[in-house]
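Asks: Sharing a model prediction with you, sequence too.
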Amino acid sequence: MENINPWNSIPLNDYEQHMEHKDVAQAQLLNSLTYKYLKKHKPENILFLGISGGNGLEHVDTDRVKKIFGIDINQSYLNESHKRFGNKIRQLELATADIGTSTKSFIKADFIWAALIFEYVNIEGAFQFIANNCNKYINLIITIQSNNGTNSVSSTGIESVKSVKDIFKNVDRNELQNTASKFGFKLTNSEENILPNGKSFLTYEFNI
């Protein structure tokens, strides 16, 4: 599956340019949200799902953190994350996996960051992966995209990113919360942030 997933055909530079485009501005918002929740919870064992090039890793408190695990389906993204942060964050480990189908356990995390990944995976499978990689006490932060009537993939002139529209699906917030509850996660907080193109990010904070 990893060989045919559209995410494996998108160069990281294309993806990051798309996400940073002034009409999209998703990378900037995700970075600020990462900072906010890392600062709030001060975790020791962190799992980033869909880490791509490592956006937000610069906010990790390396004096406090014991282990950071980054997961992505694209090995070239992980290679770049390692190049950017491997020498700065000695606790960083990286692995390729499809979290919608993988049953592997990489870490017992007390903080999991899952931004813009549920749109591309099986929701129940992803929660099973999370359950296999979390500690007894866990803060789980999930950000999903609300298109608000706009196209799923914004037009920025970068053609390669359009390939993921075939696997993109809007995440129903009720299904997300119900599935979370099924796996023992309790919703404790949520927020909405509006983007320049009219879309918004819905961020949910769960814990056990």
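Replies: Cool, the structure landed.
Asks: The longest strand seen in the chain pairs with which strands, parallel or anti?
Replies: Ranked by residue count, the top strand of the chain under DSSP state E comes out as strand 134-146. Sheet pairing here is set by DSSP bridges, and for strand 134-146 it gives strand 109-115 (parallel), strand 200-207 (antiparallel).
Asks: Output the contacting helices and strands for the helix or strand just after that strand.
Replies: Note on strand 134-146: by DSSP states H and E, the next helix or strand toward the C-terminus is helix 173-182. Applying 3 or more C-beta pairs under 8 Å, 6 or more residues apart in numbering; DSSP states H and E, one finds that helix 173-182 makes contact with helix 123-132, strand 134-146, strand 186-194, strand 200-207. Heads up, the C-betas are built off the backbone N, CA and C, glycines and all.
Asks: So which of those is nearest Asp63?
Replies: Closest to Asp63 of these is strand 134-146 (C-beta to C-beta; 19.3 Å).
Asks: Can you lay out the helices and strands packed on helix 173-182 as TSV showing mean neighbour count?
Replies: What follows is those, written out as TSV (neighbours: other C-beta atoms under 10 Å):
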stretch	mean neighbour count
helix 123-132	19
strand 134-146	20
strand 186-194	12
strand 200-207	19
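Asks: Now render those as a markdown table, adding distance to Asp110 and mean pLDDT.
Replies: Output for those, formatted as a markdown table (distance: least, C-beta to C-beta, whole Å; pLDDT from 0 to 100):
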| stretch | distance to Asp110 | mean pLDDT |
| --- | --- | --- |
| helix 123-132 | 12 | 97 |
| strand 134-146 | 5 | 96 |
| strand 186-194 | 15 | 97 |
| strand 200-207 | 10 | 96 |
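Asks: Turn these into a markdown table, columns for distance to Lys83.
Replies: Output for the helices and strands packed on helix 173-182, formatted as a markdown table (distance: least, C-beta to C-beta, whole Å):
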| stretch | distance to Lys83 |
| --- | --- |
| helix 123-132 | 26 |
| strand 134-146 | 25 |
| strand 186-194 | 30 |
| strand 200-207 | 28 |
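Asks: Nearest to Glu44, out of those?
Replies: Glu44 lies closest to strand 134-146 among these, at 9.2 Å (C-beta to C-beta).
Asks: outside of the closest one, which residues touch it?
Replies: The contact list for strand 134-146, computed with C-beta atoms under 8 Å, 6 or more residues apart in numbering, reads 30, 33, 37, 41, 43, 45, 47, 108-116, 118-119, 130, 170-171, 173, 176, 180, 185, 192, 199-208.
Asks: Show me which helix or strand of the chain is least confident by mean pLDDT.
Replies: Least confident helix or strand of the chain, by mean pLDDT, DSSP states H and E, is helix 12-20 with a mean of 91.
Asks: Please consider this matter closed, and thank you.
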